[in-house]
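Engineer: I'll drop the sequence and a predicted model, then ask my questions.
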Amino acid sequence: MKACLVIGVLLWVASVAATPAAERTFRLPDVPYQYAYLDLPSHFRDPKAQSFDNTPADNPITDAGATLGRVLFYDTRLSANNTVSCGSCHVQSHAFVDPNRFSKGFKGGQTDRHAMNLVNLRFHPRARFFWDERGSNLEAMVLLPVENSLEMGQDLLKLPGALAAEPRYAALFHAAFGDPEITTERVARALAQFVRSMVSYQSRYDAGRLQVHSSQDDFPNYTLEENRGKALFRRNCALCHLPDQDAHFIMTEPVNTGLDDDTARTDGGVGDITLKPQDIGRFKSPSLRNVEVTGPYMHDGRFPTLEAVIDHYSTGGKNHPNKDVRVQPLHFTASEHAALIAFLKTLTDDQFLSDPRFSDPFK
Amino acid sequence: MRRVPLSLVMLLAFSAIAAAQNAAAQSASRQAPLFRPSDSAAIFGPVVTTNTVNPDIVVARLMTFDVDNDGRLVRSELPERMQNLLAADASGDQALDRDEIRAMARPAAPATFATTAPGFGGGGGGYAFGDQVSLSTREHVEGALDDLRLTPVAHQQALAIVRPYMARLESDASAELLNELDGRMSDVQLRNFRTMLERQLSGNGVTAFVMRDGVKVNVFRFGASLTMMINSFALPPEQTNFALAALDRFKTRIRPGDADRAALLAELKDVLNAEERDNFDAALQRRPLVKAGGVIAGGVSGAIVPPLPPPPPGSLIDGPAALRLSFPPQRQVLTP
């Protein structure tokens, strides 16, 4: 009797887990969302800030293209066994990172790096993606997890057929590309448009920046501690994380920040792709926008909290031979530590984290 | 405030480079140069650089993936994200051996002088410690005070202590340096050196900040560095080395050391609370990084070879004729 019950439960669990994606259905708004036009604040329209935009001329963001990309992003058909979608590991409420240190692939296997955030990928001027920068542009980047044998395991040759099982895709592809043909290249272009449309620009930082002439000025919407944190950030962190403009909290080049001192056995990052000795241990840095919710931090999620990240820079990291010379021990005091974190939390953009345009249409 | 277009500044800077290089060529025919113009270490002193991983380590690192220890890496042995490396399989055996890996693991050529000096880092200008770009550390010290976000009254009270303290520190160090150099160079050379030292400490003629919408976005350096001046004096080698060592000691003395900071903080005891003093102390111990305008900084600074003639009356910047720029030498607000 007991054995029957156990078997019954197992069968039920198995049937739920294997629910085919075809039974999932998506809902889109009657009036399509706007993706192509963004009313960006002035610090994003500054010529230097604008020069960070990596949107290619042959794949501009369109409302129809990004709408298709949104559906694809959350569609489990993109995985070999219809169990995971891009959105499984890139969670909107966490600025599109996985709140877990490592992510589960379509067969339950674990990745060995933390899923990067997808915030403002449009504004990475080098247009190289992943922690090791192996993705040479966003259109190429979006397909790598889809075909990765651990992450989604999809055969790209079979992908158009898998998507054709959902009849409504024909209309979406037609709207986006002029005819209903489903191709892998179009999937990539639509996904890239959607990801590029994910722009966070409505944080308290942005509201404050609009109220002052210079970002060096104290922001009227900040507390004293947040303004102190901003000043500390500008003096000690901005050279790398806010390069030559006020909008994009990104690093323009991958950097070795002294996370490890072992050159042979730890993750080689960019160096494992280029094999250049000076690239060993260098990693791409994601945007600091919404950093409050993108933990755990670093390529392997080794730091569970922002406090631990600040501690790392306070001590200056380990003595890797490739450690960037800019990473010096900063010896932050406890109150500086708190002020920096208070400032970093002002980069959280609640509007972005709950924007229905980026939400799961299958829910 | 007077505004000078960036294009004009760059034009002047590059004119200065060309003129100085021309002067250097003429000078070279008359006297043996003390150092080669391209030898940045001789001009700037040792540039801060990082070591890089040895290519052998890259090979050893990759061979850790050689599960069957046959000295060859096949596709199945490599992590998926690294399998594109097999494109470098020169022998066509669908595997990578040590030689093929080593061929890929060549280090990049060293960054050129113009793109990194006097900073480091490359990639569009490079970086420098603020106390290398600007001789005076007062801006850093006052910036650290500003970061405390004191009340306006407390800020003014603190500045009233910090400014004279730093002026004293620099004045004492300057007097000691000039005393050490007295008799080691000619009177004219010492007078020129003193003038440039004073101008650099006062900030005049040393740096210019490009402003964009009121934001300081870059630092450019104008005028001869003191190291370059000493090198250009054509002193006997032992005198040159002595003067350079004295200058290094001076640079150390004008940075607030442990005792200096303790004394300064003691003076600030009635103005700053304990937490503010802790934060100020911590900030003073950090070396600020700035992004250097690589070509302009390296070009203008690195091209100066000829000995310095005495400045004509009324000149705005002391130094080689090519560098007597006609715009005001004070800190500039530039519109790019």
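Structural biologist: Here it is on my side, so go on.
Engineer: and the stretch 251-363 of chain A, which residues reach chain B?
Structural biologist: A:252-253, A:263-265, A:268, A:271-273, A:275-278, A:280-281, A:321-326, A:328, A:330-333, A:335-336 (Cβ under 8 Å from any Cβ of the partner chain). Any C-beta I mention is one placed from the backbone N, CA and C, and that applies to glycine too.
Engineer: Return the members of the residues you listed classed as buried.
Structural biologist: Buried by 16 or more other Cβ atoms under 10 Å in any protein chain shown: A:252-253, A:263, A:268, A:271-273, A:275-278, A:280-281, A:321-326, A:328, A:330, A:332-333, A:335-336, out of those.
Engineer: if we can go back for a sec, looking at the residues of the stretch 251-363 of chain A next to chain B, which are in strands?
Structural biologist: Among those, no member falls in strands (DSSP state E).
Engineer: Tell me how many other residues crowd B:Val74.
Structural biologist: By other Cβ atoms under 10 Å in any protein chain shown, 18 other residues sit near B:Val74.
Engineer: gap between it and chain A?
Structural biologist: Applying Cβ to the nearest Cβ, to the nearest Å, the value for B:Val74 to chain A is 16 Å.
Engineer: so what's A:Asp260 up against?
Structural biologist: A:266-267, A:281, A:318, A:320 (Cβ atoms under 8 Å, 6 or more residues apart in numbering or on different chains).
Engineer: Repeat the analysis, applying 6 Å as the threshold.
Structural biologist: Applying Cβ atoms under 6 Å, 6 or more residues apart in numbering or on different chains, we find A:Asp260 in contact with A:Thr266.
Engineer: before we move on, what about B:Val271?
Structural biologist: B:Val271 touches B:154, B:157-158, counting by Cβ under 6 Å, 6+ apart.
Engineer: Go again with 8 Å.
Structural biologist: Contacts of B:Val271 (Cβ under 8 Å, 6+ apart): B:154, B:157-158, B:161.
Engineer: And B:Tyr165, by the same measure?
Structural biologist: B:263-264, B:267.
Engineer: Cross those against helices and list the overlap.
Structural biologist: Using DSSP state H, the subset of the contacts of B:Tyr165 located in helices is B:263-264, B:267.
Engineer: which of those residues count as buried?
Structural biologist: Applying 16+ other Cβ under 10 Å to these, the neighbour count classes B:Leu264 as buried.
Engineer: number of nearby residues for B:Leu148?
Structural biologist: 21.
Engineer: Which residue, other than its chain neighbours, is closest to it?
Structural biologist: Nearest residue to B:Leu148, sequence neighbours excluded (Cβ to Cβ, 6 or more residues apart in numbering or on different chains): B:Glu276, at 5.3 Å.
Engineer: from what I can see that neighbour touches B:Arg149, true?
Structural biologist: No - counting by Cβ atoms under 8 Å, B:Glu276 stays clear of B:Arg149, with 9.5 Å between them.
Engineer: re the thing from before, now tabulate the ones in helices among the contacts of B:Tyr165 in a markdown table and tack on distance to chain A and pLDDT.
Structural biologist: As requested, the ones in helices among the contacts of B:Tyr165 are exported to a markdown table (distance: Cβ to the nearest Cβ, whole Å; pLDDT from 0 to 100):
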| residue | distance to chain A | pLDDT |
| --- | --- | --- |
| B:Ala263 | 20 | 94 |
| B:Leu264 | 17 | 95 |
| B:Glu267 | 20 | 96 |
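Engineer: Pick the one among the ones in helices among the contacts of B:Tyr165 closest to A:Cys89.
Structural biologist: B:Leu264 (51.7 Å; Cβ to Cβ).
Engineer: Show the pLDDT at the nearest residue to that closest one once chain neighbours are set aside.
Structural biologist: For B:Leu264, ignoring the flanking residues on the chain, the nearest one in space by Cβ to Cβ, 6+ apart is B:Tyr165 at 5.3 Å. Looking at B:Tyr165, its pLDDT reads 93.
Engineer: swap in the one 10 residues further on?
Structural biologist: You'll see B:Ala175 listed with a pLDDT of 95.
Engineer: Then A:His248?
Structural biologist: 96.
Engineer: That one: which element?
Structural biologist: Assessed by DSSP states H and E, A:His248 sits outside every helix and strand.
Engineer: Can you tell me how far the residue lying closest to it once chain neighbours are set aside is from A:Leu344?
Structural biologist: Using Cβ to Cβ, 6+ apart and skipping residues adjacent in sequence, the residue nearest A:His248 is A:Phe123, 4.7 Å away. Noted for A:Phe123: a distance of 18 Å to A:Leu344, by Cβ to Cβ, to the nearest Å.
Engineer: next one: A:Arg128
Structural biologist: Distance, A:Arg128 to A:Leu344, by Cβ to Cβ: 25 Å.
Engineer: Looking at the two, which one has more neighbours?
Structural biologist: A:Leu344 (24 against 21).
Engineer: Could you check how many residues crowd around the closest residue to that one other than its chain neighbours?
Structural biologist: Spatial nearest neighbour of A:Leu344, excluding adjacent residues (Cβ to Cβ, 6+ apart): A:Val291 at 5.4 Å. When counting by other Cβ under 10 Å, one arrives at 23 neighbours for A:Val291.
Engineer: Distance of B:Asp278 relative to B:Thr137?
Structural biologist: B:Asp278 is 20 Å from B:Thr137, by Cβ to Cβ.
Engineer: So between these two, which is more surrounded?
Structural biologist: Applying other Cβ under 10 Å to B:Asp278 and B:Thr137 shows that B:Thr137 carries more neighbours, namely 22 against 16.
Engineer: so the more buried one touches B:Arg255, yeah?
Structural biologist: Yes - counting by Cβ under 8 Å, B:Thr137 touches B:Arg255, with 5.4 Å between them.
Engineer: How much space separates the residue nearest to A:Leu344 from A:Val212?
Structural biologist: Counting by Cβ to Cβ, the separation of A:Val291 from A:Val212 is 22 Å.
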